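Sequence plus the predicted model coming up.
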Amino acid sequence: MTRGLTYSLTELATAIGATVQGDGDCKIHNVAAIAQAQPGEISFVTDRKYRKYLTQTKASAILLDEKLASRCPINALVMSNPKLGFAKLLTLLRPQSLPTGGIHPTAVVGANCQIDPSAHIGAHVVIEEDVVIGPRTLIGAGASIGRGSQIGSDCCLHSRVTLYSQTRIGDRSIIHSGAVIGADGFGLIQDEKGEWVKIPQVGRVIIGDDVEIGANATIDRGALDDTVIGNGVKIDDLVMIAHNVRIGDHTVIAGCAGVAGSTTVGRHCMIGASAGLNGHIEICDNVIITGMGMIQKSITKPGIYSSGTGMQTNREWRKSVIRFWQLDELAKRLKRLEKLIR
């Protein structure tokens, strides 16, 4: 555990927008899980099933909501959204140490690059010609930055990230290891012999500010137009974004989801794990797609959308499948019966 700075409970409350319950002068130096927390540490409770620990924990303070505050016998920070407070506390109490600026001697840097002196370029990084890297940006070991790419300030590209040529990344964005940004889209056409001919992909990938892209995610370059990832978008591990897709600001996409080519997703959407979005459709703002949802057509109204079936025992599932196969025949029988009744 890396110890950060020490704050009074009052200072923490001011920083995260909480109210102090108890001793505001109590000193806190770390955040810890409620069952393991020790004196000098603050913990948090966001789920009712953990409230039994409120009387057992050794923590010096607890972060919780108003409903649980009356049950807390020790110092507390009280706010309506403890999860948000927890994220802010981690930033304060577990600050990340960043390497100093400079280029590792094993890195390869092409001609005409503009790399800010405060940027850190790790071991065995390859940077092709005409690349621009902004202040305080970190490029991890073994990363590859393609020709003509531009990366803004305060970004972090972890080890072995690959950017193809002409990729654009805004400020304060994070890309995790193994992500591949700007590979060719899956553009193919059959000729008269039935053989597949590759369509050159000449667009770019444009990524906004405050974006986070998970490990081994892939975002393909556009065919002609660009693939665009808006500001504040969060993309989980193993997500696939195809060519010419546009993702609106502050949308989140969970692991293993896929978005097919030329689809537009609006702002403030939530796409669940393993969901699949068909190509050439539009999803409006403020849509939630639950896990494993298959979206085949455009969505024009905000709301929650689902597809597929929930878990059953294997025995129940087999019965359900058989009945599903019988639906067409049952519908025909129902129509015949309705005609007889009439």
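The structure has been received and is ready for your questions.

so where is the stretch 1-150 of the chain shaky, pLDDT-wise?
1-4 (pLDDT under 70).

Swap in 90 and give it another go.
For the stretch 1-150 of the chain, the stretches with pLDDT under 90 are 1-5, 46-53, 95-99.

all helices of it, in order?
Assigned by DSSP state H, counting those that start in this stretch, the stretch 1-150 of the chain shows helices spanning 9-16, 66-69, 82-93.

Any chance of the ones you listed in CSV with distance to Met311 and mean neighbour count as columns?
For glycine as for every other residue, the C-beta is placed from the backbone atoms N, C-alpha and C. Putting those into CSV (distance: least, Cβ to Cβ, whole Å; neighbours: other Cβ atoms under 10 Å) gives the following:
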stretch, distance to Met311, mean neighbour count
helix 9-16, 38, 18
helix 66-69, 31, 14
helix 82-93, 27, 17
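
now those helices as a markdown table including distance to Ala183?
Listed next are those as a markdown table, based on distance: least, Cβ to Cβ, whole Å:
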| stretch | distance to Ala183 |
| --- | --- |
| helix 9-16 | 40 |
| helix 66-69 | 48 |
| helix 82-93 | 32 |
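
So which of the ones you listed is nearest Leu188?
helix 82-93 (42.9 Å; Cβ to Cβ).

Give the other helices and strands that that closest one contacts.
helix 9-16, strand 30-31, strand 41-44, strand 61-64 (3 or more Cβ pairs under 8 Å, 6 or more residues apart in numbering; DSSP states H and E).

how about these in CSV, adding distance to Thr91?
Formatted as CSV, the helices and strands packed on helix 82-93 follow (distance: least, Cβ to Cβ, whole Å):
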stretch, distance to Thr91
helix 9-16, 9
strand 30-31, 10
strand 41-44, 13
strand 61-64, 14
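
Of all these, which one is nearest Ile289?
strand 41-44 (28.9 Å).

helices or strands up against that closest one?
Against strand 41-44 (3+ Cβ pairs under 8 Å, 6+ apart) you get strand 30-31, strand 61-64, helix 82-93.
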